[in-house]
Structure formats: structure tokens, C-alpha cells
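Asker: Structure of the sequence below:
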Amino acid sequence: MIKIAIDCYKLEDATGAHRAGIGRHLYKLLEEISKRPELAREFKFYLYFRGSIPTNIPFLNNSIFLPRIAKLPFFFPFFRPSYNVYFHIALPLFALKDKIDVTFFASFMLPALFMTKSIVVLTNDIYYEYKYGSLPKKYKIAYKLFSNWAARRATQITTQTHASQDEISTYFNIPHDKISVAPLGVDALEYAPQEKINKKNYILYVGQAFPRRHLRETLLAFERIASEFPQLEFIALGVDKYNPPIIDSLVKKINDKLGEERVIRKEGVDDEDRKSTRLNSSHIPLSRMPSSA
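Answerer: As a prediction, this is how the structure comes out:
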């Protein structure tokens, strides 16, 4: 039996529309694993949490998973340790104690004291964030130290696109063949071919609006062409990561100039609303997604 551990800290606090970035990556990964009972013949997945095991994720009850709270024994039962204690001390010790074969880290970092085999997700985004981004200094330092530590010490690096693979190899100075590419998938049942397709003319932006992703410039470009394409709408989903935030005021300015709501802007929506043909404000609640690179 192969034991695979997964750092699931990012699943603890986020739910529904609040689940973004790393949290959503982990959620969909575990959901897909839970749909494949044949894996149980060969694998056991140890899911490590920092403070609590989520009760609102039904597939965590699947027998292929062994959820565990990674706490050191000298902490009181109801005391939630700091993230650094959990990540850099408790996780490495639990991996040794449970005799884990390989541990998966989706949060772009490798613990300082980690000794066993590991797979770490890295993206070019994390390099840009600690190098040029607007994160608080303590987060920049942590990402700089432990994403580079991952690049040097992880057994395997994985990323989501070949373009990201190229940049990671350059920025982190690691061999190209040490980086595997695992493209993000889609929900097969939700996006299966249908006999009838209802087409809608819109531009869809999904993702946290870091300046390097150029949502501002894309909105301004849309404003310039909007009169030529009167049926076209722009839907933008994701937290405004500009410093200071500018997207809401820009959207209002564009809509006022166009005389109608041609740009629909939401910070977060749940899966059912995300699939809707038009994300109008009458049925989609505003919600806040957690910050992640």
C-alpha cells in the first residue's frame, strides 16, 4: 500500500464561493480521487489539517482518505498552533511517524525540516508575487525562502502549463525535466457535449485580479470596442488585488459611460452560479474569496 500525504490546510476555512486558488485546487483534486474506488487497492491518502477537519466536505468520509489534525503532542487538545509550527514542524514529523511515501504540497512551499519525498506545486505567479507584488513583507519573505527551498529540495516540481514550466525553470534555476506539467481539468459531467447549445456573447475573466494579469487594461479595451459589439458583455469574477483596489470604481465608470450594465463584476460565486448564462446581480450574492497567489 502506497501512502500519499496531502497538506490540506487551505481547505479548513473556505467554503463554496469562498474557495479559490489553492483551496479550490485541493477540493477538486480530492473530489476526483474520491470518484475512483479502484485507487483504494493501491493507495491510501493521509490528509493533514492544521486545526480542524471540515465537516462540510462530504467526500472526506470516503474510506480512501485518512484525515488527521497535525498537532504536536505537547499542545493542548483545543489549541490551534501557528501556521509555521504546523507547516515546518508538525507536518514533517507526521510524515515520518506515518511512514508516508510521498507528500503533496499545493501551496508553493516546502517545509524547512521536511526530509521525505515530496511533490510541490510551483507557478510563475509565486515568483512575481514575492519579487514585485504587494503582499505584506512577512509573506514575501516566506514565499521567497520556501518556494526556492522547494525548487531545490523537492523530489518533484509540478505546474499547470508549459509556459509556467519554462519560466519556473528560468526563475528558480532548476532543470526543465524536474518540472512536470499537469494541466487543470474540467468537470466532465458538467461540461459534457449537449444536443442544444445556448450561445451567449460575453468575455469571461475568472481569477484574482493581480495587476500582472491586466484586468484593468482588458476592461479599458472592452470599453473602446463596446459600441461596435452592442450584444457583448464582460463578466469579471475574482478578488481585486490591486493596491489600492480599483476594479469596482472602474466598472462603475465604464457602465455609466456606456449607459447600461455591460460589465458584470463579482468577487465570488458558487459553482451553480458560475455555470449560469448571465451572472446578474439579482441572483448572485457578493462574497469574499481568500487571498492566495
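
Asker: From residue 70, how far off is the residue lying closest to residue 134 once chain neighbours are set aside?
Answerer: Nearest residue to residue 134, sequence neighbours excluded (CB to CB, 6 or more residues apart in numbering): residue 243, at 4.1 Å. All C-beta atoms are positioned from the backbone trio N, CA, C, and that covers glycine. Distance, residue 243 to residue 70, using CB to CB, to the nearest Å: 33 Å.

Asker: Show the average pLDDT along the helix or strand that contains residue 165.
Answerer: If you go by DSSP states H and E, residue 165 is part of helix 162-171. Computed over helix 162-171, the mean pLDDT rounds to 95.

Asker: Only the C-alpha atoms, please, for that helix, written as CSV.
Answerer: Extracted as CSV, the C-alpha positions of helix 162-171 are listed here (Å, rounded to 0.1, in the frame of the first residue of the first chain):
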residue,chain,number,x,y,z
HIS,A,162,4.2,24.5,-20.3
ALA,A,163,4.7,28.3,-20.3
SER,A,164,4.8,28.2,-16.5
GLN,A,165,7.3,25.3,-16.7
ASP,A,166,9.6,27.4,-18.9
GLU,A,167,9.5,30.4,-16.5
ILE,A,168,9.9,28.3,-13.4
SER,A,169,13.0,26.6,-14.8
THR,A,170,14.5,30.1,-15.6
TYR,A,171,13.4,32.0,-12.4
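
Asker: contacting residues around it?
Answerer: Under the criterion CB atoms under 8 Å, 6 or more residues apart in numbering, residues 122, 123, 124, 127, 151, 157, 159, 174, 175, 176, 179, 181 lie in contact with helix 162-171.

Asker: Ok, stretch 204-223 next?
Answerer: By CB under 8 Å, 6+ apart, stretch 204-223 touches 20-21, 125, 128-129, 132-133, 203, 232, 234-242, 246-247, 250-251, 254, 257-258, 262-263, 274, 289, 291-292.

Asker: of those residues, buried ones?
Answerer: Buried members of the contacts of stretch 204-223, scored by 16 or more other CB atoms under 10 Å, are 20-21, 125, 128-129, 133, 203, 234-241, 247, 250-251, 254, 262-263, 274, 289, 292.

Asker: From the residues you listed, which land in helices?
Answerer: In this view, these that belong to helices under DSSP state H are 125, 128, 129, 247, 250, 251, 254, 274.

Asker: Residue 143 is in contact with the third one, correct?
Answerer: Pointing back at residue 129 there. Yes: counting by CB atoms under 8 Å, residue 129 touches residue 143, with 6.3 Å between them.

Asker: More neighbours: which of residue 243 and residue 70?
Answerer: Shown here are residue 243 and residue 70; by other CB atoms under 10 Å, residue 70 has more neighbours (27 against 11).

Asker: The more buried one and residue 8: what is the separation?
Answerer: In this view, residue 70 and residue 8 are 10 Å apart by CB to CB.

Asker: what do you get for residue 230?
Answerer: Distance, residue 230 to residue 8, by CB to CB: 47 Å.

Asker: Compare those two (neighbour count), which wins?
Answerer: A side-by-side neighbour count of residue 230 and residue 8, using other CB under 10 Å, places residue 8 first with 29 against 10.

Asker: That one reaches residue 51, doesn't it?
Answerer: No: taking contacts as CB under 8 Å, residue 8 lies outside contact range of residue 51: 11.3 Å.

Asker: re the thing from before, and the residue nearest to residue 134, that's in a strand?
Answerer: No: counting by DSSP: H, G, I helix; E, B strand; the rest coil, residue 243 falls outside a strand, being coil.

Asker: Give me the longest helix you can find in the protein.
Answerer: helix 137-153.

Asker: circling back to that earlier point, for PyMOL, write the selection for the buried entries among the contacts of helix 162-171.
Answerer: Typed into PyMOL, the line below selects the buried ones among the contacts of helix 162-171, using 16+ other CB under 10 Å:
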select buried, resi 122+123+124+127+151+157+159+174+179
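
Asker: Nearest to residue 100 among the contacts of helix 162-171?
Answerer: Lowest distance from residue 100 to the contacts of helix 162-171 (CB to CB) belongs to residue 157, with 18.5 Å.

Asker: quick one: common contacting residues for residue 70 and residue 8?
Answerer: What both residue 70 and residue 8 touch, as defined by CB under 8 Å, 6+ apart, is the set 48, 49.

Asker: Leaving out chain neighbours, which residue sits closest to residue 209?
Answerer: Once flanking residues are discounted, residue 209 sits nearest to residue 215: 4.3 Å by CB to CB, 6+ apart.
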